[in-house]
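**Student:** Turn this into a model:
(chains A and B)
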Amino acid sequence: MFEIISRLFSKDNSGSKDIAKERLRLVLVHDRVNVSPQFMEVLKDDMIKVISNYMEINEKDMEVSLTSSNSSVALVANIPVNRMKRNITVNEQ
Amino acid sequence: MGEVIVITSGKGGVGKTTTTANLGTGFALQGKKVVLVDADIGLRNLDVVMGLENRIVYDLVDVTEGNCRLRQALIRDKRYETLYLLPAAQTRDKNAVNPDQMKQLCLDLAQEFDYVLIDCPAGIEQGFKNAIAGADKAIIVTTPEVSAVRDADRIIGLLESEGKSNPKLIVNRIRPHMVKKGDMMNIDDIIEILAVDLLGIIPEDEYIVVSTNRGEPAVVNPTALASTAYKNIVRRLAGENVPLMEMQAEDGLLHKLKKIFGF
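**Tutor:** Below is the predicted model of the structure:
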């Protein structure tokens, strides 16, 4: 009963649509990755290309995935490094 | 050559069949020659929404299997001269048809009609693939709910991978007073999330239930709220530039009292 009364007189109408939007945003991050299985593979290949300029990595054991907590999605990469490259040429322009 | 448009959504119950019936009837009211194709094989409904359920002799599967000629399966709506329905088969399943047969059927229909509207079944399986196979354009129907928007996003992705890009969105069943209170996602929210072009918005309208009871699409009733919304979409599809409908939230005292007391 108190709940009904407080709802009637409450000024705190923050609205539930922001919750809906936020939940949608999170769920779609995962959905869109899953629609195309190649997505993560392409991303992984590109990461290998870039990182290989700086270090030798173990491509076989490399893991790239999306994880999510309550309010955020993170790209988590676990990339074993075999060896650092000694001579990195930095292009200064 | 006419235009083949598929009406799809992913999720069920968001208003695909109602939209197909109203847009088709709307085109017919404008004098366009239009055929509605019910691609929901095994669960046909467009016939009852159109009020044509008693006139079915042959169906879509009869045509693709060669049991009758295409012309024999088309039901002419006696109320609107230029409106036809090709009903789905009720006793078969979606595997009775394949995408190539649907493509051919759409080509044949597009020879004779200005618009071919295909009512797609819910889901993303064979029935969906059949329904979109012959379409030039796709319309996605969604409602302002998390589940419906999520499924719409999935469908947009699937359409793209089938080479049907740039689908247009209809947001159905909007309740202006809930949007005003911040308890329902608004059009901008949905467009921002889905990143597609908006074709139109349909307000929640109790008259839709009445019209479905009668088997007479709401678009023919000039006083129905949804009627104007559907007519606007028909005009936009025909290339006219029509501004979006103003959504008025009813927030008079009477409406508030109604909400509080729940009648």
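
**Student:** buried set for whichever helix or strand residue B:148 is part of?
**Tutor:** Using DSSP states H and E, residue B:148 sits within helix B:146-161. Going by neighbour count (16 or more other C-beta atoms under 10 Å in any protein chain shown), the buried part of helix B:146-161 is B:148-159. Backbone N, C-alpha and C define where each C-beta goes, glycine included.

**Student:** what's the closest of these to residue B:228?
**Tutor:** residue B:148 (22.7 Å; C-beta to C-beta).

**Student:** wait, the closest one sits on residue B:11?
**Tutor:** Yes. Applying C-beta atoms under 8 Å, one finds residue B:148 in contact with residue B:11, separated by 4.9 Å.

**Student:** Between the two, which contacts overlap?
**Tutor:** Residues touching both residue B:148 and residue B:11 (C-beta atoms under 8 Å, 6 or more residues apart in numbering or on different chains): residue B:142.

**Student:** tilt between the next helix or strand after the helix holding residue B:148 and helix B:146-161?
**Tutor:** Next along the chain after helix B:146-161, taking DSSP H and E as the criterion, comes strand B:168-174. Computed by axes from the mean of the first three to the mean of the last three C-alpha atoms, to 10 degrees, the angle separating strand B:168-174 from helix B:146-161 equals 170 degrees.

**Student:** and strand B:168-174, anywhere near chain A?
**Tutor:** No. Judged by C-beta under 8 Å from any C-beta of the partner chain, strand B:168-174 and chain A are separated, with a smallest distance of 11.9 Å.

**Student:** who does that strand pair up with?
**Tutor:** When pairing is defined by DSSP bridges, strand B:168-174 lines up against strand B:137-142 (parallel), strand B:197-203 (parallel).

**Student:** Mind listing residues that contact the shortest one?
**Tutor:** By C-beta under 8 Å, 6+ apart, the residues outside strand B:137-142 that reach it are B:3-9, B:11, B:14-16, B:19, B:132, B:148-149, B:151-152, B:155-156, B:159, B:164, B:167-172, B:190, B:194, B:196, B:199.

**Student:** What is the neighbour count of residue 23?
**Tutor:** Going with chain A. 13 (other C-beta atoms under 10 Å in any protein chain shown).

**Student:** Chain B, not that one
**Tutor:** Other residues close to residue B:23 by other C-beta under 10 Å number 27.

**Student:** any idea how far residue B:65 is from it?
**Tutor:** 29 Å (C-beta to C-beta, to the nearest Å).

**Student:** cool, and residue B:163?
**Tutor:** Distance of residue B:163 to residue B:65, computed by C-beta to C-beta: 27 Å.

**Student:** neighbour-wise, which of these two wins?
**Tutor:** residue B:65 (13 against 7).

**Student:** what's the closest non-adjacent residue to the more buried one?
**Tutor:** Excluding the flanking residues, the one nearest residue B:65 by C-beta to C-beta, 6 or more residues apart in numbering or on different chains is residue B:96, at 7.7 Å.

**Student:** Could you check stretch A:76-93 and say which residues are buried?
**Tutor:** residue A:79.

**Student:** actually stretch A:49-57, not the one I wrote
**Tutor:** Using 16+ other C-beta under 10 Å as the test for burial, stretch A:49-57 gives A:51, A:57.

**Student:** Now it: average pLDDT?
**Tutor:** In this model, stretch A:49-57 has a mean pLDDT of 93.

**Student:** How about the contacts made by the residue of the stretch 1-150 of chain B found nearest chain A?
**Tutor:** Nearest to chain A, among the residues of the stretch 1-150 of chain B, is residue B:146, at 5.1 Å (C-beta to the nearest C-beta). Going by C-beta under 8 Å, 6+ apart, residue B:146 touches A:20, A:23-24, A:27.

**Student:** again, but for residue B:207
**Tutor:** Shown in contact with residue B:207 (C-beta under 8 Å, 6+ apart): B:218, B:221, B:224-227.

**Student:** Low-confidence ranges, chain A, go.
**Tutor:** Within chain A, the set of residues satisfying pLDDT under 70 comprises A:1-14, A:35-37, A:89-93.

**Student:** CA atoms of the top helix by length along chain A as PDB?
**Tutor:** The residue-count maximum for a helix in chain A (DSSP state H) belongs to helix A:17-35. Written as PDB, here are the backbone C-alpha positions of helix A:17-35 (Å, rounded to 0.1, in the frame of the first residue of the first chain):
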ATOM      1  CA  LYS A  17      13.900   3.400 -20.600                       C
ATOM      2  CA  ASP A  18      17.500   4.200 -19.800                       C
ATOM      3  CA  ILE A  19      17.800   0.800 -18.200                       C
ATOM      4  CA  ALA A  20      16.300  -0.800 -21.400                       C
ATOM      5  CA  LYS A  21      18.800   1.100 -23.500                       C
ATOM      6  CA  GLU A  22      21.800   0.100 -21.400                       C
ATOM      7  CA  ARG A  23      20.800  -3.500 -21.300                       C
ATOM      8  CA  LEU A  24      20.300  -3.500 -25.100                       C
ATOM      9  CA  ARG A  25      23.700  -1.900 -25.700                       C
ATOM     10  CA  LEU A  26      25.400  -4.600 -23.700                       C
ATOM     11  CA  VAL A  27      23.500  -7.500 -25.200                       C
ATOM     12  CA  LEU A  28      24.100  -6.300 -28.800                       C
ATOM     13  CA  VAL A  29      27.800  -6.100 -28.300                       C
ATOM     14  CA  HIS A  30      27.800  -9.900 -27.900                       C
ATOM     15  CA  ASP A  31      25.100 -10.500 -30.400                       C
ATOM     16  CA  ARG A  32      26.900  -8.700 -33.200                       C
ATOM     17  CA  VAL A  33      30.100 -10.600 -32.600                       C
ATOM     18  CA  ASN A  34      28.300 -13.900 -32.700                       C
ATOM     19  CA  VAL A  35      26.400 -13.100 -36.000                       C
END
